[in-house]
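In: The sequence and its predicted three-dimensional model are supplied below.
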Amino acid sequence: MDERLVDHIERTAEICRGRLSMAARGRRVEASARETLAGAVELPGYCFEPPAEGYGRHLLYRCPEQGFVVIALTWPGGIGTPIHDHGTWGVVAVHTGRVETVDYLRQDDGTNECHANLLELRHREFAPGQVVASMPPHDDVHLIRNAVPDAVSVTIHTYGADLKACRVFNVETGRVDVKQLRYHTEYARA
């Protein structure tokens, strides 16, 4: 595993051991990602292979004590996620290509688990070496997609928890569903 990725993992573990709010942890992990993941981190070759459909999720590290994960996502040209949230802090470092995020504001109070009223806030595009974070509860609903129509993009994500599912939002209908998530590959190094 690339030394810069190991440094980020060790720094993230130290941050997560501290008594910090979720937002404070996320911001410190974001700073770590800017420092250690902004360069050309070496990733396994399978992280660059597009999956048969959708985008690829590759587990690089799962922390057994603090529960955070580091994963690489492989984005074929033009592919992205539905509008979703994580329920925990998330930090994304762009490794290869370019990605676009679209952020949304939830305008309802969240008491109806099956319905949400979303307002589109902003579109942003990120290039290699750039880092973006999402922090619940106010900065968590978003989508991410490859901004390059004819090439693969790769991102490195650090999440405060091992995400097995996320909520998916339909802007037109207001419907909220749960989507199960899986890894395409798991690098079992703890």
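Out: That came in fine, so what should we check first?
In: OK, contacts around the residue nearest to residue 142 when sequence neighbours are not counted?
Out: If the residues on either side of it in the chain are set aside, residue 142 comes closest to residue 103, at 4.8 Å by C-beta to C-beta, 6 or more residues apart in numbering. Heads up, the C-betas are built off the backbone N, CA and C, glycines and all. With contact taken as C-beta atoms under 8 Å, 6 or more residues apart in numbering, residue 103 is in contact with 120-122, 124, 139, 141-142.
In: now the strand or helix carrying residue 103: mean pLDDT?
Out: Assigned by DSSP states H and E, residue 103 falls within strand 99-106. The average pLDDT within strand 99-106 is 95.
In: Check which residues of it are buried.
Out: 99-104, 106 (16 or more other C-beta atoms under 10 Å).
In: partners of the very next helix or strand once past that strand in the sheet?
Out: Where DSSP H and E defines the elements, the next helix or strand beyond strand 99-106 is strand 118-126. Strand 118-126 sits in its sheet next to strand 99-106 (antiparallel), going by DSSP bridges.
In: to the chain's geometric centre, what's the distance from the strand holding residue 103?
Out: 12 Å (C-alpha atoms, centre = their mean, to the nearest Å).
In: Can you show me the CA trace of it as CSV?
Out: Output of strand 99-106 as CSV, limited to C-alpha atoms (Å, rounded to 0.1, in the frame of the first residue of the first chain):
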residue,chain,number,x,y,z
VAL,A,99,-15.7,14.5,-11.1
GLU,A,100,-18.7,16.8,-10.6
THR,A,101,-20.8,17.0,-7.5
VAL,A,102,-24.3,18.4,-7.2
ASP,A,103,-25.3,19.4,-3.7
TYR,A,104,-28.8,19.6,-2.3
LEU,A,105,-30.5,21.1,0.7
ARG,A,106,-33.2,19.2,2.4
